[in-house]
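Visitor: For reference, the sequence and a predicted model appear below.
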Amino acid sequence: MRPPQWTRRGRGLLPDAARAYTRPVTYASAGVRVSTNPGDLQLLVAAATASVLLVALLFIMLHRRRRERSYIEQLRDREERLKLALWATDERYWAYDVASGRIHRLAGESRNSPSGELAEESIDAAELVHPEDLAMVRRRVDDYLAGHTDTFLAELRVANDRGEWVWMRARGRAVSRDAQGRIQRIAGTALNITGTREADRELRISSEVLRSMNEAVAVIDRNFDFVSVNPAFLRMTGYDEDDVIGRNASVLDSLQHDAAFYQHIREQIRRKGRWNGEIWQRRKDGEEFLCQIESSTVYDKNGQLILYVMVLNDITQQKRAEQELRYLANFDTLTNLPNRSLLSERLSRAIVRAHREDNRIAVLFLDLDRFKDVNDSLGHAAGDRILRAAAARLQQTVGMHHTVARLGGDEFTVVLENLDSPEEADHVAREIIMAFEAPLLLDDRREIAISPSIGISLYPDHAHVPTELLKQADTAMYQAKAAGRRTFMRYDDAMDVAVRQRATISGALRKVLDRGELRLVFQPQLALAEGRITGVEALLRWQSDEHGDIPPADFIPMAEESGLILEIGEWVLREACLTLQRWRQHGLTELTVSVNVSVLQLLRGDFPEVVSRVLADIELPPSSLELELTESVLMANAEHTAAKLQAFRELGVSLAIDDFGTGYSSLAYLKRLPITTIKIDKAFIGDLTHDPEDAAITSTVITMAHSLGLNVVAEGVETEAQVRFLREHACNEVQGFWLSPPLEAHACLAFIRNWRPAREGTPPRPVAAP
Ligand SMILES: Nc1nc2c(ncn2[C@@H]2O[C@@H]3COP(=O)(O)O[C@H]4[C@@H](O)[C@H](n5cnc6c(=O)[nH]c(N)nc65)O[C@@H]4COP(=O)(O)O[C@H]3[C@H]2O)c(=O)[nH]1
């Protein structure tokens, strides 16, 4: 069926079909023809009957019209009364005239006084109804006119007196019909629902927002029973809606807090109306999570509490990340010790306490001796293990109540509080050094001995602020290293001068080769059994124009630190070989020269090639050269360097271990290395004749080295008694002031050429001063 067409002409709500209902009804008039034929009685009777009937019909019609009129009057009266009744309510009266398409309503936004005339205005429906709602309203009117609905009902926007659109809910019914029962007029009431619709909209939006919120939201009544929760809450807690609605919020209580804690929070919410904070909660599966809660209270119009609204956030991950960040910012991840920043903070607090309680603090700055060599040669993984083991050893020694921190690299710091005297700090430093006497465990198989050098500064004696105290302890530590390592030193002001001097020396060292300030001296070695000078050790000397004579023990570590030792080392090698080659031309073809090699040179990939090139350039037989490597260098890197050492042996160069006995290496371990000579450190030789322990060590080393087929040289031999002991114990060679101090090249040559084996018991006479 085609929908009725709305006429544009009238601009009203009336469809064409409806207009058809409203066309004025045309009645056909009934006519009576009276016969003038007197004989036709039958006809007269019929006419009379018809007249009677007509009168009766007219009567009925009149009666009905009167009834209708009275009915309409009644309706009008009712309409008037309805208008009057509506005046007092929020509802508004309206009437729609189907034929004209016009809407009648009470005029004026503020309605007329009930005592006066209730004025009506008539507006075209299309003007009154919002264009977007017009089609819908027309459909509803049509449906009602066609009898599909009992009542006309629509929610539509209508222009008010000020021309604003207001939402109205209109309902109405037919109040006037034509003779055929077609509706002529619909009247009813309209209620302004703008506010309600707005509220509904807001409610819809807010419930949609709640539904889609990432934050979990729970609405709880005054007994703390759940009234409503959003999907995020269910996701967060793992509960279904049915599990929680009506249940008490304590279902989420975790075991991290006791019941009194949760009770306290609920009491706060009750008293203050709101509570923000972090508490542990428990999910349905028992997992506990840290929850940030913001609670507020919803009150009714009278200020009476209605419900609590809780917004919950699972911040477990966030907290964990924060903790991790805090940890990373304050702790060293390798050793788990506090880092520099936390140390400074703790030191500052310790200073404040010491100031208040009028006592002392000591800062111990600790550095592992030759750690760099060990790290370079053993690799960083082993280096890390050493640092971890050293950290544990340190903490274990000083106890948990003192701060032990790692500043980076192999530098550690200990803060000692509540000291009565500076000697207490010395005591702890000594204990630390002793604790490091026992080797550190690297893994199941390997252990390594590494000693610390310690510098000490004191509050308030040396400085009052953390940075100064640390700087001074660092300075003292450098002095401890310079004093031979494995020792401690307390800071004093003179050290600063030494540090400054060190800095200038280090600067001058860079120009040393260009300026030709380096030279070699040579110290002869005597083979005891044969009474013959078999070799010389080349020792480096630096005579600086600016700083005078600087001992190798001072500048070689600096050259190692800066990497300059590579250049300097190659110069030494070439110079020593050149000297020997010159001497060989004087007939000293059996003589060997020993050259000290630092770990950096050894680690350099091409060092065997450098040696081979130098030997080839100078045409010196490789068997005339001996390379001296310190024990700590070899021990730190025994397996790794074994292959490298083998390359030298294949060249025909001899290898000696210098300073043997200082690095805790075992002879059995050395057996694996292709070395030819062991040089017993002068520290053992010095006390040989007074200290039975040193005597025992020396004799054992000699015996064991021989059993391994190694040549033994005793260094730092100064007295006849020492020579006697060494001879008795079959030490192969001696080197030291007893024989000769290191000599300039020409003097050494003269010494060797003039050497005659002395009578036993008579010290040889040096031929020239060193
Ligand atoms: N108390 C005492 N000392 C004695 C006696 N006889 C010799 N000495 C000293 O002992 C040191 C022996 O050298 P070193 O153990 O290799 O120890 C050397 C060596 O490790 C290093 N060094 C010297 N020259 C070089 C070099 O060219 N390269 C490298 N890498 N290191 C070098 O410097 C260290 C010290 O060298 P120097 O000062 O020349 O000190 C030398 C020498 O002068 C003695 O009877 N009593």
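Guide: Yep, it's here.
Visitor: Who are the contact partners of the closest residue to Glu468 other than its chain neighbours?
Guide: Computed as CB to CB, 6 or more residues apart in numbering, the closest residue to Glu468 that is not its neighbour in sequence is His462, at 7.5 Å. All C-beta atoms are positioned from the backbone trio N, CA, C, and that covers glycine. Neighbour list for His462: 468-469, 472, 491 [criterion: CB atoms under 8 Å, 6 or more residues apart in numbering].
Visitor: Ramachandran angles for His462?
Guide: Main-chain dihedrals, His462, degrees, to the nearest 10: phi -100, psi -40.
Visitor: what residues does the protein put near the ligand?
Guide: Contact residues (CB under 6 Å from any ligand atom) of the chain with the ligand: 523, 539-540, 551-553, 556, 572, 596, 598, 628, 658-659, 682, 715-716, 718, 736-737, 742.
Visitor: Make a PyMOL selection of whichever of the residues you listed turn out to be buried.
Guide: Restricted to buried positions by 16 or more other CB atoms under 10 Å, the PyMOL selection for the residues of the chain next to the ligand reads:
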select buried, resi 523+539+540+556+572+596+598+628+658+659+682+715+716+718+736+737+742
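Visitor: Go through the residues of the chain next to the ligand and flag which are in strands.
Guide: If you go by DSSP state E, the residues of the chain next to the ligand have 523, 539-540, 596, 628, 658-659 in strands.
Visitor: got TSV for the residues you listed, with pLDDT too?
Guide: Compiled in TSV, those are given as follows (pLDDT from 0 to 100):
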residue	pLDDT
Gln523	98
Leu539	98
Leu540	97
Asn596	96
Glu628	94
Asp658	87
Asp659	78
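Visitor: and Ala170, bridged to which residues?
Guide: On the basis of DSSP bridges, Ala170 is bridged to Ala154, Ala190.
Visitor: thinking again about what came up before, pick the one among the contacts of His462 closest to the ligand.
Guide: Using CB to the nearest ligand atom, Tyr491 comes nearest to the ligand of the contacts of His462, at 26.5 Å.
Visitor: How about Asp178: what's its closest non-neighbour residue?
Guide: Residue nearest to Asp178 in three dimensions, not counting chain neighbours: Gln184, with 5.7 Å by CB to CB, 6+ apart.
Visitor: Can you give me the buried ones in the helix or strand where the one you found lies?
Guide: Per DSSP states H and E, Gln184 falls inside strand 183-192. Buried residues in strand 183-192, counted by 16+ other CB under 10 Å: 183-192.
Visitor: Between those residues, which sits nearest the ligand?
Guide: Using CB to the nearest ligand atom, these come closest to the ligand at Asn192, 102.0 Å.
Visitor: hang on, the closest one packs against Trp165?
Guide: No: contact between Asn192 and Trp165 fails when scored by CB atoms under 8 Å: they sit 11.3 Å apart.
Visitor: which intervals of the stretch 501-650 of the chain have sub-threshold pLDDT?
Guide: The stretch 501-650 of the chain contains residues with pLDDT under 70 at 604-605, 632-633, 635-640.
Visitor: try it again with 80
Guide: Along the stretch 501-650 of the chain, the parts satisfying pLDDT under 80 run over 501-503, 506, 561-562, 599-600, 603-605, 631-643.
Visitor: name the element whichever residue of the stretch 301-450 of the chain sits closest to the ligand belongs to?
Guide: Closest to the ligand within the stretch 301-450 of the chain is Asp373: 11.9 Å, counting by CB to the nearest ligand atom. Assigned by DSSP H and E, Asp373 falls within helix 371-378.
Visitor: Could you find the closest non-adjacent residue to Asn214?
Guide: Nearest to Asn214 is Ala232, by CB to CB, 6+ apart, at 5.7 Å.
Visitor: Now do the phi/psi pair for that neighbour.
Guide: Dihedral angles (degrees, to the nearest 10) for Ala232: phi -60, psi -40.
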